[in-house]
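Colleague: let's see this in three dimensions:
(chains A and B)
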Amino acid sequence: MNKISSIEAMSLAERVRRVAAVAAEFADQADQQGRFPREGMDAARAERLMGIHIPIESGGEGATMSEVAEVCSILGQACAATAMTYAMHQIQIASLTDHAAESAWHRTFLKRICDEQLLIASATSEAGIGGNLRNSICAIEVEGDIARLEKDATVISYGAHADAILVTSRRNANAPHSDQVATVFTKDQYTLERTSTWDTLGMRGTCSDGYLFRGEAPKNQILPKPFAEIAAQSMLAVSHLLWGALWFGIAADAVSRAQAFVRAAARKSPGQTPPGALRLAEASSLLQLVKSNVVAGLQQFETSAGDPDALSAMGFAVAMNNIKIGTSQTILTIINHCMLICGIYGYKNGTPYSLGRHLRDAHSAQLMISNDRILGNTSTMLLVQKQETSLLG
Amino acid sequence: MNSTVRGLIAKHGGLPVSVETLADDADLYEAGLSSFASVQLMLALEDAFDVEFPENLLNRKSFASIAAITAAVGSLVSDAQVA
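Modeller: Residues are numbered from 1 along each chain as shown, chains lettered A, B, ... in the order given. As a prediction, this is how the structure comes out:
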């Protein structure tokens, strides 16, 4: 049994590496032009990576969250925009597999995702709510069997390239802002009117334009569970873990480049330690911290998987928030170290040691769900949460 | 206890509706209880009943309704009396 699963894992890694090779080739172009990383995502579809986390009985491969995180990390080393698009898609997949399996429509839809290798986007942010995904202004309107929704979405990452969108809204027109549901709309069920353009410092290929979303779908496409539960038990944790994995990937590639730079310098003057070697050692230590942080989080998530009480416990939320904070801050320090090591070759575009794209992409990490918001949220929980002081507990 | 809990919810729950309109088993999250307000409410309950919520009660479920809160606080108060 173990043997079989290790063979499958090997073949997954091989498939991902083929995708990463394609994504790496077009990474600079997608970044420069601020365009969707379609070569990388087409390759991911060709290698049938879109549905790997979906259970085998629904047509997927039942890959664990750790395996999905490894995919994100490998893609992150090649092209951060491809990795982020893939990670965000998997966040929606996790919400659907964990929270909609009892609904017949959603089960069939999961099967479709695998069969047709569909790309799923999400529309959580909305004009007027200040980036808090646990609040909505728009409300879904149910009339007979039909649900209608109009949302002024400030950001829908890769919205124009998605095959379906998971959209949050208030449960109905009388519900408070925090009483939300999520609804799947397929491409033929909505229109998108662009309201803003994604011209950014980094992560330029995710094409996270703003749109006025207008959708109409059968009401059974509304996820059966309250969005509050989906967010607490799946979406927030999975976001932090998969983002953490791909951010590790960006930093790991920067360290590889810095290491290659130091090695080349060492070869040129044998017997002498190159000036950047010490900083490389520091960067390597920091990278290990990031890796341990993400891996420990994945283990905690896998241990708690399927246990709603464990997943909605405050200690778990604090741990996941801390992973996001620690990872997003530390990768900037690491890449900056690498830049100091590679000097002008790192600063310049188009060298084997170029780090501009890495640094710009990495700067998004502190902002996508603002670290200040997350720290504020953690500080509230720490007012009552008891710290776990055991090293292994 | 129930009326003290209701009083604290009215003061700290930040609900857009009046607590009197809510049944004991009504879903407080559906009524608009945010996670921030639930922590404030938790602090107020700890102070009012001189108890501390252990980690296993620090979850969504314990604060899902007036009945759930009363039960959670009740178990803590009786534990304190036994000890």
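Colleague: for chain B, give me the ranges with low pLDDT.
Modeller: B:80-83 (pLDDT under 70).
Colleague: torsion angles phi and psi at residue A:149?
Modeller: Backbone torsions for residue A:149, taken as degrees, to the nearest 10, come to phi -150, psi 140.
Colleague: host element of residue 67?
Modeller: If you meant another chain, say so; for now it's chain A. Residue A:67 is located in helix A:65-78, with elements delineated by DSSP states H and E.
Colleague: my question was about chain B
Modeller: Taking DSSP H and E as the definition, residue B:67 sits inside helix B:66-82.
Colleague: Three-state assignment for whichever residue of chain B sits closest to chain A, please.
Modeller: In chain B, the residue that lies nearest chain A is residue B:32 (3.2 Å; CB to the nearest CB). Any C-beta I mention is one placed from the backbone N, CA and C, and that applies to glycine too. Following DSSP: H, G, I helix; E, B strand; the rest coil, the label given to residue B:32 is coil.
Colleague: swap in residue A:214?
Modeller: Secondary structure assignment for residue A:214 (three-state DSSP): strand.
Colleague: what residues does chain B have near chain A?
Modeller: Within chain B, the positions adjacent to chain A are B:15-16, B:29-36, B:39, B:42-43, B:46, B:53-56, B:58-61 by CB under 8 Å from any CB of the partner chain.
Colleague: residue A:338 touches residue A:256, doesn't it?
Modeller: No - proximity of residue A:338 to residue A:256 does not meet the contact threshold set by CB atoms under 8 Å, at 9.1 Å.
Colleague: these two: who's more crowded?
Modeller: Using other CB atoms under 10 Å in any protein chain shown as the criterion, residue A:338 and residue A:256 rank with residue A:338 on top: 29 against 13.
Colleague: work out for me the element that one sits within.
Modeller: Using DSSP H and E, residue A:338 falls within helix A:314-342.
Colleague: what of residue A:108?
Modeller: Per DSSP H and E, residue A:108 falls inside helix A:104-116.
Colleague: please apply the same query to residue A:96.
Modeller: Counting by DSSP H and E, the element that carries residue A:96 is helix A:80-99.
Colleague: please see if that helix touches chain B.
Modeller: No - against chain B, helix A:80-99 shows no contacts by CB under 8 Å from any CB, the least distance being 14.0 Å.
Colleague: check stretch A:124-137 too.
Modeller: Yes - applying CB under 8 Å from any CB, one finds stretch A:124-137 touching chain B at residue A:134.
Colleague: export only the CA atoms of that stretch, formatted as CSV.
Modeller: Extracted in CSV, the C-alpha atoms of stretch A:124-137 (Å, rounded to 0.1, in the frame of the first residue of the first chain):
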residue,chain,number,x,y,z
THR,A,124,-14.8,37.7,-1.8
SER,A,125,-13.7,41.4,-1.7
GLU,A,126,-16.3,44.0,-2.3
ALA,A,127,-16.4,47.8,-2.6
GLY,A,128,-17.3,49.3,0.7
ILE,A,129,-16.2,46.6,3.1
GLY,A,130,-12.5,47.4,3.3
GLY,A,131,-11.1,44.0,2.4
ASN,A,132,-12.7,42.0,5.2
LEU,A,133,-13.8,38.8,3.5
ARG,A,134,-16.1,37.9,6.4
ASN,A,135,-18.4,40.8,5.5
SER,A,136,-20.7,41.4,2.5
ILE,A,137,-22.9,44.2,1.4
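Colleague: going by neighbour count, list what's buried in the helix holding residue A:338.
Modeller: A:314-328, A:330-332, A:334-342 (16 or more other CB atoms under 10 Å in any protein chain shown).
Colleague: ok, stretch A:89-103 next?
Modeller: Buried residues in stretch A:89-103, counted by 16+ other CB under 10 Å: A:89-100, A:103.
Colleague: mind checking how far that stretch is from the chain centre?
Modeller: Centroid displacement of stretch A:89-103 relative to its chain, using CA atoms, centre = their mean, to the nearest Å, is 15 Å.
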